[in-house]
Structures are given as C-alpha cells and as structure tokens.
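# After the sequence you'll find the predicted model.
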Amino acid sequence: MADSAGPVRSTRQFVDLLRRDHEIVTIEAPVASDQEVAEIHRRVVAANGPALLFTNVDGGRYPVATNLFGTIARVERAFGKRPIEFVQKAARFAKEAVPPTPKKLWEFRSLFFDALRIGLKKSNSGPIVDVVQQPPKLTEIPLLKLWPEDGGHFVTLPLVYTESPHNGKPNLGMYRVQRYNDSETGVHWQIGKGGGFHYLEAEQMNKPLPVTIFVGGPPALILAAIAPLPEEVPEIVLASLLLGERLPRVKNPVGPHLLMAEADFAFVGEVAPHTRRPEGPFGDHYGYYSLKHDYPLFQCKAVCHRRDAIWPATVVGKPRQEDFFIGDYLQKLLSPLFPLVM
C-alpha cells in the first residue's frame with residue numbers, strides 16, 4: 001500500500017490511494033471507448049462524483065481511469081500542499097532576502113534543502129520498459145472518442161516530449177493527439193508552443209523530430225505540462241518540484257529520449273518534416289467543436305508500457321469539467337510568482 005503522506009509517483013499508486021479512501025468506483029460492465037465512457041464520466045462529474053476505473057473498455061486489455069482530479073480534495077491529494085508552500089517561500093525569499101545576510105539565509109535554509117531535491121536522475125530500470133511493443137498496435141489501446149462529431153479517438157491527457165535539435169533543450173507539453181491507425185497520430189501543436197518551436201527547427205534542417213508521447217505516471221507531469229512557464233524553465237524541473245524529489249528516467253530501448261520511469265505508456269517515434277494530415281474536429285474545452293485542420297503527423301515506432309498499465313483519460317467540454325480543478329490548483333501554485341515577475 002502506498003504511503004498516504006508521500007508523493008504520488010504513479011497512476012497505479014494514485015488509484016490505490018483513492019480506492020483506500022473510497023474515492024474511486026470500479027466499473028466492470030463492458031463499455032465502449034466510442035462516447036460511452038465519456039457520457040458516464042460527464043454524468044458523474046455533474047454529480048460531483050468519484051473517480052472512475054473502467055476495467056472492461058473495448059474488451060478490457062487495459063483499464064481506463066477518469067475523473068481522477070474531479071474534486072479539490074483529489075487534486076490536493078495528487079499534488080499536496082508542499083509545492084504551494086515551496087513557491088510561496090521562494091517568492092518571499094526573492095522579496096525579503098535581498099540583499100542577503102547570514103540571518104536571512106538561515107531563516108530560509110529549508111528552502112535550499114528543498115531545492116537540492118529538485119532535478120532529474122537516471123535509473124537503471126523502471127516499469128515503463130516492462131513491455132516493448134514493436135511494431136506498435138495503437139488500436140489496442142483504449143483512446144476515447146468524446147463527442148459525436150469528433151474526428152476520431154484522442155489521447156486526452158498526452159504528455160508530448162521533445163528536445164530542440166539545436167541545443168537539446170527539453171519541452172513537455174499537452175498537445176492533443178488523434179489516433180489514425182496502429183502507428184500514426186496527429187499532433188496538435190502550434191508554432192507558438194514549445195513543441196512547435198522544436199518542430200520548426202527540425203523542418204528548417206529538413207530532419208524528422210524525435211517525439212515521445214507519455215501517458216500516465218506522476219500526476220506532477222500533467223500539471224507541469226500545462227503550466228504557463230517561461231521558455232527558459234523546463235517543465236520536467238517543475239514536475240520534480242511538485243513531486244518533491246528527483247524525477248527518475250530510464251534508458252530508452254527504442255529511441256533517443258530517456259523515458260519517464262513511472263509513466264504508464266510511452267509512444268516512441270518521430271514527426272517527419274513538411275508532412276501534414278487533417279486532424280479534428282474535436283469537442284473542445286469551451287463547449288464547441290474546434291474544426292478540422294492540417295497538423296503534423298506522428299509516426300510511432302514502438303509502444304513501451306508497464307505490465308500493470310492504466311490508461312488515464314479525461315473528458316473535455318462545456319465547463320465545469322474535471323480540468324477546472326487542475327487549473328484552479330495551478331493558479332494557486334503560480335499566483336505568488338505573478339507580482340515578482342511583474
């Protein structure tokens with residue numbers, strides 16, 4: 001059993017904690033990934049209900065977890081109060097400890113000890129490489145179709161990882177991913193996003209951009225991927241801060257990027273230069289469909305996943321949905337920094 005007071009390091013651990021606290025309901029009846037999961041989820045969210053674990057989606061190869069963050073209490077359990085306290089203390093340090101004096105530095109000594117735990121570490125092994133599927137079979141994974149006019153099945157909590165072809169600078173962003181077949185998806189990033197910048201650099205060099213799409217793992221990765229950080233601040237460093245410890249990564253057996261050790265899935269592949277394919281429509285966060293447009297094409301070479309992998313997903317649409325609670329926590333986390341930045 002996971003430690004209820006420590007950081008949440010994986011989807012499986014979070015589900016176990018919610019089960020212990022009677023905050024999740026298991027649905028064993030057969031359900032379809034095409035709109036049925038989404039409709040059940042929406043009704044539960046509207047009733048301020050529990051998280052859901054579907055064990056028999058499209059035949060039940062992988063369980064699907066939704067509404068994991070659908071209340072303030074569950075969000076706080078996923079991320080805790082420690083990150084907010086750390087940011088508040090860091091903002092106070094920047095305001096009060098200039099110029100620094102021995103007395104002021106001693107007063108904020110715990111901040112420096114916390115900072116020493118932030119960063120990345122390379123592990124010799126991790127659950128993400130339990131299974132390596134090559135060639136990939138993306139149609140065996142229960143991606144969801146949320147609304148009748150959606151263009152297909154989507155990864156709704158994607159963690160899209162890229163590195164700059166020029167300097168290796170990392171980016172972790174949440175750009176929606178539409179599945180086309182067993183080995184191809186769309187990647188909905190714009191030029192103004194970190195992943196879009198990296199793709200532009202690769203196109204200018206006429207080279208494919210290596211891409212790894214993670215799903216699941218520490219909830220801290222989700223929050224970091226959507227945080228509006230300055231370009232100079234890597235999202236995976238924020239994930240480490242939220243986790244309260246160094247983020248473990250392992251060697252990738254089929255690609256150039258290190259893999260998040262505790263992720264549930266990793267789609268490993270590349271996006272070719274100057275290649276587009278229609279993506280969408282998609283019933284979006286504001287309650288209307290974003291229309292079909294051409295976006296880059298991700299070519300998956302392999303899928304790595306845990307033996308006990310859970311497919312975490314969410315459902316978007318007219319507010320309030322589950323994403324409201326994540327956004328509210330993110331605002332509380334970053335608001336102490338706004339006056340400092342200004």
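Structure's in. What do you need? This is a predicted model, so every value here is computed, not measured.
# Excluding chain neighbours, give the residue nearest to the spatially most central residue of the chain in space.
The residue lying closest to the centre of the chain (Cα atoms, centre = their mean) is residue 222, at 3.2 Å. Nearest residue to residue 222 in three dimensions, chain neighbours excluded: residue 157, at 6.2 Å (Cβ to Cβ, 6 or more residues apart in numbering). The way it works is simple: take the backbone N, C-alpha and C, and place the C-beta from them, glycine included.
# sorry, back to before: could you list every residue that touches the residue nearest to the centre of the chain?
Residues near residue 222 by Cβ atoms under 8 Å, 6 or more residues apart in numbering: 157, 159, 174, 326.
# Save these as TSV, and put in neighbour count and secondary structure too.
Converted to TSV, those look like this (neighbours: other Cβ atoms under 10 Å; DSSP: H, G, I helix; E, B strand; the rest coil):
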residue	neighbour count	secondary structure
157	27	coil
159	27	strand
174	23	coil
326	21	helix
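# For the residues you listed, give me CSV that also has distance to residue 20.
Below are the contacts of residue 222 laid out as CSV (distance: Cβ to Cβ, whole Å):
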residue, distance to residue 20
157, 23
159, 26
174, 28
326, 22
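# Quick check: the farthest pair among the residues you listed?
When the contacts of residue 222 are compared pair by pair using Cβ to Cβ, the two farthest from each other are 159 and 326, 13.5 Å apart.
# Run a quick neighbour tally on residue 27.
18 (other Cβ atoms under 10 Å).
# so what's it closest to, chain neighbours aside?
The nearest residue in space to residue 27 (Cβ to Cβ, 6+ apart) is residue 54, at 4.9 Å.
# go on, residue 327?
When the adjacent residues along the chain are set aside, residue 327 lies closest to residue 226, with 7.9 Å between them (Cβ to Cβ, 6+ apart).
# Residue 42 too?
Excluding the flanking residues, the one nearest residue 42 by Cβ to Cβ, 6+ apart is residue 315, at 5.9 Å.
# Let me know the helix or strand that that neighbour is in.
Using DSSP states H and E, residue 315 sits in no helix or strand.
# could you list every residue that touches residue 238?
Each residue near residue 238 by Cβ under 8 Å, 6+ apart is listed here: 220, 223-224, 227, 229.
# tell me how far the helix or strand harbouring it is from the chain's mean position?
With secondary structure defined by DSSP H and E, residue 238 is part of helix 235-243. Centroid separation for helix 235-243 versus its chain: 12 Å, with Cα atoms, centre = their mean, to the nearest Å.
# coming back round to it: columns distance to residue 248 on top of the contacts of residue 238, output as JSON lines?
Shown next, in JSON lines, are these (distance: Cβ to Cβ, whole Å):
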{"residue": "220", "distance to residue 248": "12"}
{"residue": "223", "distance to residue 248": "18"}
{"residue": "224", "distance to residue 248": "15"}
{"residue": "227", "distance to residue 248": "20"}
{"residue": "229", "distance to residue 248": "21"}
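# ok, now how distant is the residue lying closest to residue 206 once chain neighbours are set aside from residue 165?
Setting aside the residues directly before and after it, residue 206 is nearest to residue 273 in space (Cβ to Cβ, 6+ apart), at 5.5 Å. Per Cβ to Cβ, to the nearest Å, residue 273 is found 11 Å from residue 165.
# In terms of packing, which of these two has more residues around it?
Higher neighbour count among residue 273 and residue 165: residue 165, with 19 against 16, using other Cβ under 10 Å.
# Test my guess that the more buried one contacts residue 201.
Yes. With contacts defined as Cβ atoms under 8 Å, residue 165 counts as touching residue 201 at a distance of 4.9 Å.
# which residues do the two both contact?
Contact criterion Cβ under 8 Å, 6+ apart; residues shared by residue 165 and residue 201: residue 209.
# re earlier: just send the contacts of residue 222 back as a markdown table, with pLDDT too.
Formatted as a markdown table, the entries for those read as follows, by pLDDT from 0 to 100:
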| residue | pLDDT |
| --- | --- |
| 157 | 95 |
| 159 | 96 |
| 174 | 92 |
| 326 | 86 |
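# Just give me the closest of those to residue 26.
Where the contacts of residue 222 are concerned, and distances follow Cβ to Cβ, residue 26 has its nearest neighbour in residue 157, at 19.6 Å.
# so what's the backbone phi/psi at the closest one?
The phi/psi pair for residue 157 (degrees, to the nearest 10) reads phi -130, psi 60.
# rewinding a little: looking at this, the residue nearest to residue 206 is in a strand?
Yes. Following the definition DSSP: H, G, I helix; E, B strand; the rest coil, residue 273 is counted among the residues of a strand.
# list the contacts for it?
Contacts here follow Cβ under 8 Å, 6+ apart; on that basis residue 273 touches 202-203, 205-209.
# Which ones among those residues lie within helices?
If you go by DSSP state H, those have 202-203 in helices.
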